[in-house]
Structure formats: C-alpha cells, structure tokens
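> The sequence and its predicted three-dimensional model are supplied below.
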There are 4 protein chains.
Amino acid sequence: MTAAASRIKVGIVGGTGYTGVELLRLLAQHPNVDLQAITSRKEDGMPVADMFPNLRGYVDLRFETPEKAGLDQCDVVFFATPHGVAMSQAKELLAKGVRLIDLAADFRLQDTAVFEKWYKMPHSCPEVLAESVYGLVEVNRAKIAKAQVVGNPGCYPTTVILGLLPLIENGLRLVDVGHIIADSKSGVSGAGRKAEVGTLFSEASDNFKAYGVAGHRHQPEVCEQLATLAGGPVGLTFVPHLVPMIRGMFSTLYARILPEAMDTDFQALYEKRYANETFVDVMPPGSQPETRSVRGSNHLRIAVHRPGGGDQLVILVVQDNLVKGAAGQAVQNMNLMFGLPEETGLRHVAVLP
Amino acid sequence: MTAAASRIKVGIVGGTGYTGVELLRLLAQHPNVDLQAITSRKEDGMPVADMFPNLRGYVDLRFETPEKAGLDQCDVVFFATPHGVAMSQAKELLAKGVRLIDLAADFRLQDTAVFEKWYKMPHSCPEVLAESVYGLVEVNRAKIAKAQVVGNPGCYPTTVILGLLPLIENGLRLVDVGHIIADSKSGVSGAGRKAEVGTLFSEASDNFKAYGVAGHRHQPEVCEQLATLAGGPVGLTFVPHLVPMIRGMFSTLYARILPEAMDTDFQALYEKRYANETFVDVMPPGSQPETRSVRGSNHLRIAVHRPGGGDQLVILVVQDNLVKGAAGQAVQNMNLMFGLPEETGLRHVAVLP
Amino acid sequence: MTAAASRIKVGIVGGTGYTGVELLRLLAQHPNVDLQAITSRKEDGMPVADMFPNLRGYVDLRFETPEKAGLDQCDVVFFATPHGVAMSQAKELLAKGVRLIDLAADFRLQDTAVFEKWYKMPHSCPEVLAESVYGLVEVNRAKIAKAQVVGNPGCYPTTVILGLLPLIENGLRLVDVGHIIADSKSGVSGAGRKAEVGTLFSEASDNFKAYGVAGHRHQPEVCEQLATLAGGPVGLTFVPHLVPMIRGMFSTLYARILPEAMDTDFQALYEKRYANETFVDVMPPGSQPETRSVRGSNHLRIAVHRPGGGDQLVILVVQDNLVKGAAGQAVQNMNLMFGLPEETGLRHVAVLP
Amino acid sequence: MTAAASRIKVGIVGGTGYTGVELLRLLAQHPNVDLQAITSRKEDGMPVADMFPNLRGYVDLRFETPEKAGLDQCDVVFFATPHGVAMSQAKELLAKGVRLIDLAADFRLQDTAVFEKWYKMPHSCPEVLAESVYGLVEVNRAKIAKAQVVGNPGCYPTTVILGLLPLIENGLRLVDVGHIIADSKSGVSGAGRKAEVGTLFSEASDNFKAYGVAGHRHQPEVCEQLATLAGGPVGLTFVPHLVPMIRGMFSTLYARILPEAMDTDFQALYEKRYANETFVDVMPPGSQPETRSVRGSNHLRIAVHRPGGGDQLVILVVQDNLVKGAAGQAVQNMNLMFGLPEETGLRHVAVLP
C-alpha cells in the first residue's frame, strides 16, 4: 500500500445515535482516517461535540445535510441509520466509486423475502445486495477485503454465530443443529438513542425482562448464516433479554451433543478455530466471562462449558454490543477493505471497572 | 366521624405517569378509599394493570375519558397531570362539591405573575387559587383540613422547606437568610414518564450532572413559602442535580449561622419542632441519612450538622420524591381533609435493600 | 381460631442479612405478629433500626445474644442464618414446642448425602429432617399447615419448580423431562450482605455474567423436588447469572414438547393449575413479565410461550428473590402453620417504578 | 531526549486495586513505557490478566513479591498502595536513582502534624517529603519535571483546586475565601476495591448519601494547597457524597463574590487561565457538564455559572476519579518527569454512552 492510500477519507450518514457516536470515538483515534463529513438533516449546523461532549477536542466537524456533505468524495461511507437508508443511496455512491459499510440490516439478509417480512419494506436494490458481503470478519475475511458493500452483522448474531461456528462449520456433525437455544442478554444501548418510554432510566433500571420472545429480527439473520455454514437448515430458539446496564451483550448458548460426538474435546476445537483471531478470545476451561471485560473494546470472549460432563454443551459469549457488535466490527471491516492490518485503531483495552 | 364518612370516593385525572401509578399503589391499599375512576384520553379502555403490572390483582379499573369518568360523583379528585390541567377543571368540580388535590403547580404559587413567568401560561382561576392551600401538612395542617383545593408541594420544595423551617419560622434570627444554598439531588423518576432522550437509561445511568443551574421552577416556590414563614424575603441559590437512581431525593442545605446565634443548640431546635410529626424524622446527632431508608415510604429524614463547630450549618434531608415528595403527601392531605388520622394508609416500611 | 391464637410470638435468629431485614419489614407490618426477639452475637445491644434505618419507627428491638433472647418462649422462630445453624438448634427448640422455619438449606434436601456433598457439612439431625416439610406452599399446603419444621425453598428453586410444575406433576408426559434447561438470572441481593469483592458496586454494576456454570447448590434441590413431582428422575441444566439490579429473579425455562403432546393447550394448563393461587399469576398469552412488577411483593408471575408454534416451550418466571424467594414465602408458611389466611400481612403492591 | 531515554522502565507497587488496574490500562497502551514489574504479596504468581480480564492480551506480567520484582531496576515506580507504604520504601529506591509517584497520601501534605492527625500514623521520612512535589500539573508543572518524588493529588482535591484556582491565585481578591463550599459527589470506585459492606452493590445502588460530613481527609489537603495559592488561609466547608455510578466525580463549588469584584468576567477569567491546558476544558457559558463526558479519559471540564447575575458564583467541575483524579494524572506526571509531551498515552476519547 502506498503512503497516499494509507489515508482513508471517511463519511458517516446518520451520526446522532449510539453507533454513530461510537464510530466517531473509534475513527477519531484511528491513525489512518480523515473524517470528512457526518450527516444529519435534523441537526444541520450543530457541532458534533455539542451533542456528544466526549468528542470535545477530538472531532471538530458539524452535522451537515447529505446535500452539502460531499459523500461522493469519500473513500468509504458508513451508514449508522435506520433500516432502509443505505439501500436507497447505495447505487449512487457505488457509481462514484465509494465503498459502503451499512450498520443497519439492509445488506445482512440475502433472502429478500425474509428481509421484507421482518423489516416491513421491500428491498430496493437486490442486485447490490447480491454482490454485498456479510461483514463477519472471522467468517468472510477474504470476501470482505474485496467487497464494495458490506452489511455489518447485527449485535446478537455476532455473539451467536461466533459462539456456534466451531460446532457446525464444514459439515461437522457434533451437536443437534435442529434444536439450538440462544438465551441472550443485552445492555440498553442496543435499543438505540430514540426517545421511548420503555428504555427510560426509570423503566429499565433495577429491572430485568425478556422481549421479542415470539420472534426477533436477529433470529432469521443467525439462521441464514448458520445454515450456510452448516450446509443445511438450523433450528434456533432465540430469546433476547434486557439488562440494566448501558453496554454489554451476553449469549448463553445451549446445544445438545450428538451421541457420536461425545468424545470431542470442545475446548481444543474452539481454541484451534480461533487461534489466529485477534478479537476472539477463547478463555481457559472453567472461565466465566463478564461483559465488563470487553467494555469499550472490540474483543469478544468465549467460554466452553459442559456441566457434569453430560450431553449438554453450554457456550458463554460476551462482547460490547456497540463495538464488536456494531462500530468496532465496522472499523475492522474498513481496515480489511483498505488493506490495513485488521486491528489498526482497535487496540483499546477494555475499561474496567 | 360516621361510618359513612369513612369511605372516600376518589377519582384520578391523568394516571399514566409516575405520580399516577404511585397514587394508585397507595390508594389501592388505603383502608378508606374507593377508587372510582381514572382518566386518560389516550388510553381510554385500557386496563390500568396492563400499563402498570404491579397493580394486577389490586386495581381493576380501566382508563376512561374524562367525559365518562363521572368525576363529579367523587368526594375528591387528584390531578396527576401536566401543569395547567387542574386549574382548567377546578371550578366545575368545585361547583359539584368535589374537593381537589393538584400534584402539579397550578395551586402552589400565590403570586400569579411568578407562576406565569415560570410556567409560561396565564393562571386561569386566580380566585380559586386565592382560596387554595399549599399542602405542606407540617406547616398548614389546620388550613388543609378545611381546604377545598390543595396545591401539593413540589418535590424539591418539600425537602428544602422542611429542612430550613426550624431555622426561620416565627421571626427567628439564626442564620443569614439572604444567602442560603440548597444543593439538591433527585432520582430520575422526578423527570416523569415522558419519552425524552435525556432520561433514557443509556443517558442517565452511570452519570451525574447538574441541571437548571440558571433557574428552576422550584426556586420561586421555595422562596415564596420561606418568605411567608420568615416574614420577609429569603435569598436562595438552588442547584438541582440528577442522580442515577429511580427514586430518592437528597438536599444538602447550607446556611451561615449569625454571630448572635452561635450558641444555639440546633439539634434540639429541630427535634423539638418535629417531635410530633409522624413523617418527619430528625435523626440523632452525627447521622448521615440515605435515600434508600425512605424508598417507597412517606417518611422524610433530617440530619443536622455543624462541621468543626464553626458558623456553617449543613442540613441533610432525604425523602422518596414520589411519596413524601408527591403521591404520599397528597394522600396525607386527603386524610386531613376527610378527618382521618393523618397516617392512614401511609404506614409502609421503606423497602431496603 | 381463638383470639389468643391469632397473636403469634416470633423470634428471628440472625437478622443482620438481607433476608433478615426483609423478614423484619414484613413482620413489622403483619397484623398478627408480636416480634419478641432478634439475635446477633456480633451486634448484641445494637438497635435494629440503627443497622436498617428503614425500620426507624417500626421496630424498637435490639439485637441480642441467643442466650438472652428467650427464643424458647416464642411460637415460631425464623432462621435467617448461614447453612448449618438451624439444624444445630432445632431439637432444643422443638422440645419446647417452638416451631421452626429455616430460610437456609438445612431442611431443603431430604437426601443427606446430597446435602453433605453440596454444603460441605454433615447433617446433624436427620430425624428432624425426615419430619420437616419443604415449604413450597403451592405444592405442600396441607403438610405445611401441620409441620413443626419447614425448610423454606431456595430462591432459584421457587421459580424453576413453580415454572415447571404444571408440566410434570401427576405423571404427565408432556415434555422431555430428561433435558430441561433453566437459564436463570438474579439480582445481587441474592448473594447476601457479606463483604465480598465480587458483589461490590464497582464490580457488579454495569456488568453481566454467569456463575456456578459447573454446578450450583440449587440444581440438586430443584431436581429432588421435580423428581418427586414427576415420579422419576429429571435432567436439568441450570445456569445462574448475575444481573446488576438489587432485587428480582427471572428464570427462562426451556422444555421440548413430546410428539404426543403437541396438541396441548399449555396456557390453559397453567391457568387451571394456578387458578386458586393468590401469589402465582399466570399472565395472559404473549405477556413478557418484568421483575419490577413484583418488586417488594410476594407475587410470582409466569408467562407461557411457544415461539413459532414449534416443539420448544419457553416459560418465563419472575419473582422478588427476597420476598417470594425468601422472607415472603417464609411468612406465607407461617400463616399456614398458624391457621391464618395465607395472604395475611402479604398484600403489598409491588413498588414500580 | 535520546531514543534510549524515550523508553521508560516502570514498576507498580500494589496493583490489585482500582487505581492499579487503571494504571495498567493506561500504561499498557503508552507508547514509551516498558512495564517491568507489578507487586502483590498476596497474589504472588498470579497473572495480572486473571484478576483483571480486560488486560488479557495486553499485559503478560504476573504479580510478584516486592523482593523478586527488581523495582530498583526501574526508572520510576508508582505506588498504588494504602497510605504509608510509599514513605516506607522511598529512601531505598531514591538511593538507587528510582523516581517515585505515590497515588496515596504520603506526599500530599507538607504539614506532617496534619498528616498524622488525619492518617493516624507518623510520617516516616519528612526530609523526603520536604523535597517532594504536589503533582497537580496545572499548578506545579516546572517543579514536577525535576522532581524525584511526586505526591499525586487526591481525587476530590483535583476537582476543587482546579475549580477554584483562577479565583484565588496570585493574591486575587474576587471571592470570600473564608466561606467557600464544595459540595462534591463521587462514584463508588473512589472507595476502592476493598471488601466492605457499605460499598456492596445492594447497599450503594439506587441510593444516595453524604458521608464524612464531620470531616474528610481531603479537606485539609485542599486547604493547604489553596492557602499556598491564595497566600493566606482559606475557609472551606467540604461535603462529599456517594453516587450510584462506578466512575465519575462532580464538584459543585459555591463562592460569594466580593462587592469590589462584582464586575468581573468570570468566564473570561477561567478561559484565559486554562487556555493552554490540554486536560482542563472550560466549557462555553451556560454549559452543564456531565461526568460521562470524561468517562475513561484524563479530561476535566469546568462550567462557570452565576445564577441570576447575583453575588453567588457556582462552579461545576467533572472528572473521572480514576483517571484525572488518580491514574491518568499520575501518568501525566510521569510524562513531565521524563521529558515526554504531557499528553503522551493519554489521548483517549471518553467512552459515551
């Protein structure tokens, strides 16, 4: 890579939410990034650091309307927007040679019928979708490097897929893939920065609940990815819960070991699979990971348990939903797309306590 | 009191906020109350217990429109509404012999010019206001018993007035009343159950800030009451802060002792003043009250400090902002108005931890 | 019941923990209870309300040593102590005609070998154990009424057993009882009031983790009870988690429906089973219960889900771990043992928000 | 500085507390630091990352006993220990040419009588103390650069001194220095990682209280520094409070403006004083800083208020108590002592939300 290529001109569409401010935090400290523009129709003209005072002294940009932002001059544009925005602007930007990373769902599901069912809108550019890549680096590294459009994975799917991957990829027959359970728990920031009663402090604090038990958008996303990896359909019961903490995501995954796989060394299997992954940490046997061990960092940690040595496997996965589950993974994708070492700008030690 | 008089028919206008659900919690367990109606235009027809599941099995009412609610059949109507609603309906209900307790600000400030300045609306029934009573029981007990309309005090004012009362009432000259400081802290439920970004869990949790430093509506309310008690103007600097907890209010009050009052036994002064008050607890010397010691209860606790024996008095006051600071105080007023023992239905032990 | 019988003389051993203060909160408001004594060797002479300021004005007792407390004059003694204390004092008190309710584990497990394995101590009075009753009212109501010694259930077991009961009792063959999963979550108060690093605010706040994945004492307790109900062994994978909230417990239970039971109306099954239970609330179909809906109350709420109409049943259960999961259930047992209506002194509306 | 000099060999004594892990987080990411050793007698042999899993992949050291640690081979040793440890080891290390930064109180107070009164121990090396420098960079920059021993300021004093500095230094007569009030609020991590009941999650969460009202160790520390700056005694009432958040400190400072200073432009005064300070941010007029705006960062933010334009000045100050209030300030001192740009390794954007 030439010196010139090592500077990346970056635009952000829709930076007023939590994935937006997290992108800004990471990109403002990234050694190869020039932040060019950040758009918000509603906040046009407002200094970004007025909305997010943690950025005072680090980000001098103001929010701009898309018209003024000159996104077509960027090397890459991140969409930290509601579902449906990225696909509406994709073709135009691609035509100008701009690469896209969408943090919403527009490019996560290859099956447009499933997309339309769960997101209640038609997919407006299926041909772009067909060329896009699902941005889970640990699965699609080579494709991402060459992609023009990356669909950044959902937060829950990142934990569930990486937590199950070693069990099912490559046609392995280790667990009953028809009856997998993902009991997942998320901090409240996963619900975004919208003004809603349900995520008020006085509603969500000192409380715990499940939600979306009857069906959640991330279930089909996980199933599509797992089916591709497994080479056939996967049955998943997915129950998300809301935890009174800001950041952090925890998935407890239950899979029943098949009779013929009872002798498998699952710890070794996981360690081997992720041996070269900077951001996936397979913890020592017996570990009980905590979400705070990854707070503010791009690391995801996994512990493999088999209580009583029986036929039930219990996989514990933690990540920061805003980093590895959103903005950090997006930057990891960008690094790959622009030929940078994958961890560039992402070596932050988690903030504990 | 006759047996008949011992049943009180109660209506609530606007029960979808936190003071509303707290009123319902207290009134549902009150031995003399028959809950007749609760209004909400928006939620007409919805069972109250669907919105507030803690009431399942205790409150069978549904929200109704005011038109259907038959409020004029009630003995007393509580207004747990935005400012301005109570005064718009007061005359009509009073004409039917219904008594009113307003938990908003319509009947707190006798000076309508001050009201209009801070609440940005004209006062629509100054003649009712003139007859209304400020519902701070420990100050106005006799008047409240006879009142047709009670303006329930603001949450901050309850702590500040009761915390300073023994120092200033009856023309006492003990502290510099021109320079009192109230550094107050409130749990987030004080901001209500409105969908707003600033009180989202992810904004208010793990955070602390001041607000309203340039001016807060409760400052003139406190000043009006203190001036009445002191028989002259009182200078108050009031700085409210937001604490990442649901319930609880803490006021740290600073008053400089006048040279001629340096020999005063302030602990004795407070103990004597509140000796017969069920809901005001003057703690032993050296105490450091905690908000959780009153969580869910109608008690307010006070500790009197004089660090180093100098000329600076430090008064610490705690209450539950939704109980003594709102719904509990309102029920205390109701008890007085209907000739019941003041503590009826209010003897709840605080929930700790 | 005679008037005399309607007063109960109550003693508490070990009242300095969270189950102790919660017992005190409930008993201080119980219309039939005379609190006689509360013991603590360490705090002998200290007013209880100095340690727990929420009790100021409600409990005038001081902690006493067991020698001075006159427990043998009580009608019933609650043990809110570490495991092993109740069994060491049981025979002596029983000999004086005192009835016992142990909130620790001494009388929960009938299999003493299992007790000794998990609690690392021999059982010192197996003959008393054999006569004791497991204090889950909804299962053992008749036996409890006549019991001299009641082992109050563990907090997790209360949720798991009541959540699964309708599926397995009476030899029903509805779900695969060999592979049940209980993914449970508890507030931090479940860990008690011991000074430990792991439950410090700065460790447990803004964090989520699993613990005891390799094995937890409540697993064999649940299994013993379920096996009795089912008439045969039950296989249970139990994974507890720690939630950054003070009170509240949530169990997500997963059971696979057997082919022959696919037509069962599970909602109806649960509603029928608990139709007459004051403290078990089967919520309407589609409900997603929250722990705050029972905060400070003795209610336990259940929601029955079957995502996508498939073969996986998902049962959601919430309770306050200190009330229905500990002190409230203990008082419910006491009411039964002394012939009082079961809900006496327990009709508290949950505190929300 | 030579290339060789740009590497700093660092040792840490006592790294098992919160200032210890925070030092490790910052130093592990510092471009010029070689972490040589970290001591703990109790945890000898334990990998640091086992205790603090956020450090997995960043810190490979194990805790060692002081005997094995080779601290005398370091360029600088940080003491993140209880009060009294640093002074016991200072002479020996200084004799080997090692420079010291103490995060405890051993080198904060020049008046040893005051030290002994508040810390209940004699000062064991007053001659070292006499040569030591109080490590508040914005006040003592030149002296720190040459110091062999730096006493890192207390967390509260950092906010109070920097918040009042522009008002009192250089003999200014702007406010009544005899009656200053500091109403300060701290997150719970300020109490350290000791197992104590008072800082358990279930005690400190959903609660607010004052503590140390009768006297706190940081009061004399602030007074000594302010007196030096003001050239005469300063009267300070200091009331600390505990906030249910992990990190963050907020001081609300009240000073009465002297009649002759009523025309002062205080905003301009502050902006000018701190114009060249990287880590002190004087916010625009009307700002209301939040602790989360500095979470995990070394920034301290100040807002200047004068409610109603009267004679009462209200200064709001926020910092992260573990960074600018402890470990970050210590690294800032180290940078100065070793000729590095002051902000080296300290340009972290605060984590928000």
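Cool, the structure landed. Computed from a predicted model, the values in this text were never measured in an experiment.

> what packs against whichever helix or strand A:V304 is part of?
For A:V304, the host element (DSSP states H and E) is strand A:300-305. If you count contacts as 3 or more C-beta pairs under 8 Å, 6 or more residues apart in numbering or on different chains; DSSP states H and E, strand A:300-305 packs onto helix A:155-168, helix A:266-273, strand A:280-282, strand A:312-319. C-beta here means a position set from N, CA and C on the backbone, and glycine is covered the same way.

> The ones you listed into CSV, with extra columns for distance to B:A90, mean neighbour count and mean pLDDT?
Formatted as CSV, the helices and strands packed on strand A:300-305 follow (distance: least, C-beta to C-beta, whole Å; neighbours: other C-beta atoms under 10 Å in any protein chain shown; pLDDT from 0 to 100):
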stretch, distance to B:A90, mean neighbour count, mean pLDDT
helix A:155-168, 51, 26, 98
helix A:266-273, 69, 17, 98
strand A:280-282, 65, 21, 98
strand A:312-319, 56, 26, 98
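
> Turn the ones you listed into a markdown table, columns for distance to C:N207.
As requested, the helices and strands packed on strand A:300-305 are exported to a markdown table (distance: least, C-beta to C-beta, whole Å):
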| stretch | distance to C:N207 |
| --- | --- |
| helix A:155-168 | 16 |
| helix A:266-273 | 23 |
| strand A:280-282 | 17 |
| strand A:312-319 | 10 |
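
> Which among these is found nearest to chain C?
strand A:312-319 (4.7 Å; C-beta to the nearest C-beta).

> what's the following helix or strand after that closest one?
helix A:328-337.

> just to revisit the earlier point, can you redo the helices and strands packed on strand A:300-305 as a markdown table, where the extra columns are distance to chain D?
Converted to a markdown table, the helices and strands packed on strand A:300-305 look like this (distance: least, C-beta to the nearest C-beta, whole Å):
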| stretch | distance to chain D |
| --- | --- |
| helix A:155-168 | 14 |
| helix A:266-273 | 14 |
| strand A:280-282 | 6 |
| strand A:312-319 | 10 |
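
> near chain D, anything from stretch A:26-35?
Yes - Stretch A:26-35 lies within reach of chain D by C-beta under 8 Å from any C-beta of the partner chain, at A:A28, A:Q29.

> What residues sit buried inside that stretch?
Counting neighbours by 16 or more other C-beta atoms under 10 Å in any protein chain shown, one finds that the buried residues in stretch A:26-35 are A:L26, A:L27, A:A28, A:H30, A:N32, A:V33, A:L35.

> ok, the residues you listed vs D:G17, which is closest?
In terms of C-beta to C-beta, no member of those lies closer to D:G17 than A:L26, at 29.0 Å.

> what's the spacing between that closest one and chain C?
Noted for A:L26: a distance of 20 Å to chain C, by C-beta to the nearest C-beta, to the nearest Å.

> Same question for A:D44.
A:D44 is 34 Å from chain C, by C-beta to the nearest C-beta.

> And for A:F201?
A:F201 is 9 Å from chain C, by C-beta to the nearest C-beta.

> That residue contacts B:E196, correct?
No - between A:F201 and B:E196 there is no contact under C-beta atoms under 8 Å: 10.4 Å.

> between these two, which one's more packed in?
Between A:F201 and B:E196, A:F201 has the larger neighbour count (other C-beta atoms under 10 Å in any protein chain shown), namely 27 against 14.

> Could you check the pLDDT of that one?
We have a pLDDT of 98 for A:F201.

> so which of the helices and strands packed on strand A:300-305 comes closest to chain B?
helix A:155-168 (13.9 Å).

> following the worst-scoring helix or strand of chain A on mean pLDDT, which helix or strand shows up next?
Ranking every helix and strand in chain A by mean pLDDT, DSSP states H and E puts helix A:66-69 at the bottom, with a mean of 90. Reading on from helix A:66-69 to the C-terminus, the next helix or strand found by DSSP H and E is strand A:76-79.
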